[in-house]
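Q: mind looking at a prediction? Sequence and model below.
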Amino acid sequence: MPGLTQHTGKTALYIEDNVDTDRIIPARFLSMVTRSGYGELLFHDVRDSSFPLDQPEAKGASILVVGGNFGCGSSREHAVWAIQQAGFRVVIARKGPEGPGYSDIFRSNAANCGLCLIELDRSDHERLCSAGSGQTVTVDLEKSLITMGDESFGFQMNPVSRDQIMKGLDLIGTTLVSEDQISEFESKWDSFSPSGVAS
């Protein structure tokens with residue numbers, strides 16, 4: 001999958017807290033046997049004429065700005081796929097004393113599928129949100145910095161997830177990085193039985 005070091009795009013704001021994966025992609029759509037066709041189903045059951053992502057200023061956005069504890073509930077990679085297939089490369093959530101920006105399972109699924117998740121402190125998140133949807137924002141993973149016009153917001157990211165996103169590695173890819181060491185180990189390890197145990 002493609003890596004991401006820096007991304008510039010428009011923002012779309014959906015500032016809701018505790019958005020679970022069933023709201024992101026309703027469970028009845030999970031019976032599809034392909035990994036495509038989920039983008040148009042993103043937030044299917046809560047979209048109406050006033051839905052934030054369907055407003056003119058959010059058209060063509062590739063950076064989704066959400067509230068806190070996004071992606072909670074059941075584990076489903078389909079939620080990540082739906083966000084990606086709707087055109088989003090980056091999601092920015094709010095973290096604070098009340099809780100993290102993302103659920104642990106959603107965070108793991110996102111990293112394994114190449115979706116970049118960023119958390120901002122409440123004050124920076126509020127500054128970003130106050131500008132509204134449609135702002136041009138640059139996310140720089142090397143500098144751990146978000147810029148919007150003259151404003152900038154620093155963020156912290158798990159180094160392993162950051163490296164994984166930047167290099168475009170899924171779980172298999174992160175394993176294959178150590179392919180030489182694995183092969184060397186396997187060439188020397190010729191028995192699955194403890195030494196001295198009769199076969």
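A: Yes, it's here.
Q: Cys129 and Phe155, how far apart?
A: Cys129 sits at a distance of 15 Å from Phe155 (criterion: C-beta to C-beta, to the nearest Å). Backbone N, C-alpha and C define where each C-beta goes, glycine included.
Q: cool, and Leu115?
A: Per C-beta to C-beta, Leu115 is found 16 Å from Phe155.
Q: pick out whichever of these two has more residues nearby.
A: Using other C-beta atoms under 10 Å as the criterion, Leu115 and Phe155 rank with Leu115 on top: 23 against 19.
Q: which non-adjacent residue is nearest Ser152?
A: When the adjacent residues along the chain are set aside, Ser152 lies closest to Leu145, with 5.7 Å between them (C-beta to C-beta, 6 or more residues apart in numbering).
Q: what are the phi and psi values for that neighbour?
A: phi -140, psi 140 (degrees, to the nearest 10).
Q: tell me the pLDDT at it?
A: Predicted confidence (pLDDT) at Leu145: the value is 98.
Q: so who does it touch?
A: Residues in contact with Leu145 (C-beta atoms under 8 Å, 6 or more residues apart in numbering) are Ser152, Phe153, Gly154, Phe155.
Q: which one among these gets closest to Leu30?
A: Among the contacts of Leu145, Phe155 lies closest to Leu30 (C-beta to C-beta), at 31.4 Å.
Q: now do the contacts for the closest one.
A: So Phe155 contacts Ile118, Glu119, Leu120, Asp124, Ser144, Leu145, Ile146 (C-beta under 8 Å, 6+ apart).
Q: right, and the pair among the residues you listed with maximum separation?
A: Glu119 and Leu145 (13.8 Å).
Q: mind listing the strands for the protein?
A: Assigned by DSSP state E, the strands in the chain fall at 6-14, 63-66, 90-95, 116-121, 136-140, 145-148, 151-154.
Q: out of those, which is the most enclosed?
A: strand 63-66 (a mean of 26; mean count of other C-beta atoms under 10 Å).
Q: tabulate the CA atom coordinates of it in CSV.
A: Output of strand 63-66 as CSV, limited to C-alpha atoms (Å, rounded to 0.1, in the frame of the first residue of the first chain):
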residue,chain,number,x,y,z
ILE,A,63,-8.8,15.0,5.9
LEU,A,64,-11.6,14.0,8.3
VAL,A,65,-11.7,15.9,11.6
VAL,A,66,-13.7,14.1,14.3
